[in-house]
Structure formats: structure tokens, C-alpha cells
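[1] Generate a structure from the sequence data that follows.
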Amino acid sequence: MKGAKTMKRIISCAYNMDTNCVETTFSDGIMLAIDCEAVEDVYDVGVFERSELDWLIYNNPLEYAYHVLNGSVRDYLKGNHEHRLMD
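    Reported below is the predicted structural model:
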């Protein structure tokens, strides 16, 4: 699965608080649960980085899935992000 092709194939994506996973469903029927705690362990995130990922998980789980699936979590954490308050 690569970048834009992966994003086109995702038909649903949501955070499940009970399992602490971002659950994605692809157009070909594949379901994938991304374990958020495991991602934090792999990238050895600190408190600030964890809050950045938490914001992304709650507000834009599709973008979170994109970064995890494409291995760009570290790039996301290094970037500047402007978060908007939810309406």
C-alpha cells in the first residue's frame, strides 16, 4: 500500500476509544486496526509528541492512519501544525 493509493481505498476510518485503535476499512473489504499505544512505543514519543498524536487521533483519524501506513509519523511530529478548534 502506497500513499495516495492507500488513501483512496479507505472507505471508513474512526478512533475506537474502547480498544485505543484507529480502525480503518478499505474498499476491498480489508479491515485494519492501528494500535495507537504500539505506534507511540515504536516512535518513542514524549509528552508533547503524544499530545500531538492524540489531537490527530481524535480530530483527524484518517490523517493519523495515513501517517502510520506511510511511515511518516516522525515527519508529522517534526512539522508545524495549526490546529483548529472544533465547531
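[2] use CA for all of it now, contacts and neighbours both
    OK.
[3] biggest helix in the protein by residues?
    helix 47-59 (DSSP state H).
[4] Sketch out the helices for the protein, chain order is fine.
    3-9, 36-43, 47-59, 61-69, 73-78.
[5] got CSV for the ones you listed, with mean pLDDT, distance to Tyr15 and mean neighbour count too?
    As requested, the helices of the chain are exported to CSV (pLDDT from 0 to 100; distance: least, C-alpha to C-alpha, whole Å; neighbours: other C-alpha atoms under 10 Å):
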stretch, mean pLDDT, distance to Tyr15, mean neighbour count
helix 3-9, 57, 16, 12
helix 36-43, 93, 9, 13
helix 47-59, 93, 7, 15
helix 61-69, 94, 6, 20
helix 73-78, 90, 17, 14
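[6] Cys21 is nearest to which of those?
    Nearest of the helices of the chain to Cys21, taken as C-alpha to C-alpha: helix 36-43 at 5.5 Å.
[7] Look up how far Tyr58 lies from Glu49.
    Computed as C-alpha to C-alpha, to the nearest Å, the Glu49 to Tyr58 distance reads 14 Å.
[8] number of nearby residues for Ser12?
    13 (other C-alpha atoms under 10 Å).
[9] Pretty sure it sits against Phe26.
    Yes - counting by C-alpha atoms under 8 Å, Ser12 touches Phe26, with 7.1 Å between them.
[10] returning to that earlier point: the longest helix of the chain vs helix 36-43, what angle?
    Per axes from the mean of the first three to the mean of the last three C-alpha atoms, to 10 degrees, the angle that helix 47-59 makes with helix 36-43 is 140 degrees.
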